[in-house]
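Chemist: Provide a 3D model corresponding to the input given below.
(one chain, ligands or ions: 1)
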Amino acid sequence: MGFEIKICGLKTPEALDAALAAGADLVGFVHFPKSPRHVTWEAAPRLAAQVRGLALKVALVVDADDALLADVIAALDPDLLQLHGHETVERVAQIRARFGRPVMKALPVAVRADLAPVSDYAAVADRLLFDAKPVPGALLPGGNGRVFDWALIRGLDAGRPVMLSGGLDAGNVVEAIAATGVDGVDVSSGVETAPGVKSPEKIQAFIAAARRARDIAAPCSNLSPKAQAS
Ligand SMILES: O=C(O)c1ccccc1NCC(=O)[C@H](O)[C@H](O)COP(=O)(O)O
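Modeler: Below you'll find the model as predicted:
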């Protein structure tokens, strides 16, 4: 798996088109009704069909029960389930076994102690996503545009591919990649003009910047992220 760039919170055909045209490796669809990025049941199958294998489809859920997961999987046919709630290690393992889809567990990070469960989650998840811990009482568990201290995960060997998110944008993603050495980056609010409103220009700029950083980290490779992943 090569370095990967994920654009999350896509809910319109135009925004999805922009992410695919710019070369996103993963595109994320949020199922969380309180979110301004929530994808309706009506829109989900159409968005999923629009991807046409150009990127991996990621279905983001928060503490979903089996019935909801089954519905989300039926609607999106995702390549990856992103678990962005308080799912326990046991629940992550159960979801992976029960639904037969690769799983990325999001872990909220604010202080070093938040990394204590990394090895337990790495044992049951296919990937890990480090995101900034929301402030107490926040409406959303992610997609808050908050940055955490990247030094906390510098050089961390989780034994699984690791993505970084939380307050990334075209202006800081190069530094974030250099500071952490992660396997991929994930962005939502940093490519928006307002909560839930994606900007094609910001998506394009983010992906171009992240690619530049990847190429600095791996100067011998001319391959696209997708080609490296294959
Ligand atoms: O984006 C949301 O509205 C959302 C709702 C519920 C759970 C997670 C959510 N977003 C997660 C992400 O988009 C990313 O994985 C990550 O948190 C990056 O967000 P941002 O800081 O806005 O770039």
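Chemist: quick one: T180 and A158 touch, right?
Modeler: No - with contacts counted by CB atoms under 8 Å, T180 stays clear of A158, the gap being 11.6 Å. C-betas here are computed from N, CA, C, even on glycine.
Chemist: not counting sequence-adjacent ones, nearest residue to D63?
Modeler: G85 (3.5 Å; CB to CB, 6 or more residues apart in numbering).
Chemist: and for that neighbour, the neighbour number?
Modeler: 15 (other CB atoms under 10 Å).
Chemist: again with the one 4 residues further on
Modeler: Residues within reach of V89, counting by other CB under 10 Å, total 16.
Chemist: tell me the confidence at it?
Modeler: Model confidence at V89, given as pLDDT, is 98.
Chemist: okay, and the nearest residue to it once chain neighbours are set aside sits in which element?
Modeler: Counting by CB to CB, 6+ apart, V89 lies nearest to D120, which is 4.7 Å off, once chain neighbours are set aside. Taking DSSP states H and E as the criterion, D120 maps to helix 118-122.
Chemist: just to be sure, D131 is in a strand?
Modeler: Yes - assessed with DSSP: H, G, I helix; E, B strand; the rest coil, D131 lies in a strand.
Chemist: state the pLDDT value of the closest residue to the ligand within the chain.
Modeler: In the chain, the residue that lies nearest the ligand is G143 (2.2 Å; CB to the nearest ligand atom). In this model, G143 is scored at 94, pLDDT.
Chemist: who's in contact with it?
Modeler: Counting by CB atoms under 8 Å, 6 or more residues apart in numbering, G143 touches C8, G9, V30, S35, R37, S188, S189.
Chemist: what's the answer for R160, then?
Modeler: R160 neighbours (CB under 8 Å, 6+ apart): A122, A125, D126, R127, L128.
Chemist: ok, and the closest non-adjacent residue to the third one?
Modeler: Which is D126. Per CB to CB, 6+ apart, closest to D126 is P102, 4.1 Å.
Chemist: so what does that neighbour look like in phi/psi?
Modeler: phi -60, psi 150 (degrees, to the nearest 10).
Chemist: which parts of the chain sit against the ligand?
Modeler: 8-9, 30, 32, 35, 37, 60, 62, 84, 131, 140-145, 165-168, 186-190 (CB under 6 Å from any ligand atom).
Chemist: low-confidence ranges, this structure, go.
Modeler: 217-230 (pLDDT under 70).
Chemist: hey, where'd the strands end up in it?
Modeler: Secondary structure of the chain by DSSP state E: the strands cover 4-7, 26-31, 56-61, 80-83, 103-109, 127-132, 162-164, 184-187, 192-194, 197-198.
Chemist: could I get those strands as TSV with mean neighbour count?
Modeler: Putting the strands of the chain into TSV (neighbours: other CB atoms under 10 Å) gives the following:
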stretch	mean neighbour count
strand 4-7	26
strand 26-31	26
strand 56-61	24
strand 80-83	24
strand 103-109	23
strand 127-132	24
strand 162-164	23
strand 184-187	27
strand 192-194	13
strand 197-198	20
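Chemist: pull the number of nearby residues for A15.
Modeler: With other CB under 10 Å as criterion, A15 counts 23.
Chemist: ok, now which ones touch K133?
Modeler: So K133 contacts P108, V109, A110, D114, R146, F148 (CB under 8 Å, 6+ apart).
Chemist: the residue most central in space within the chain and V162, how far apart?
Modeler: Nearest to the mean C-alpha position of the chain, by CA atoms, centre = their mean, lies D186 at 4.5 Å. D186 sits 11 Å away from V162, taking CB to CB, to the nearest Å as the criterion.
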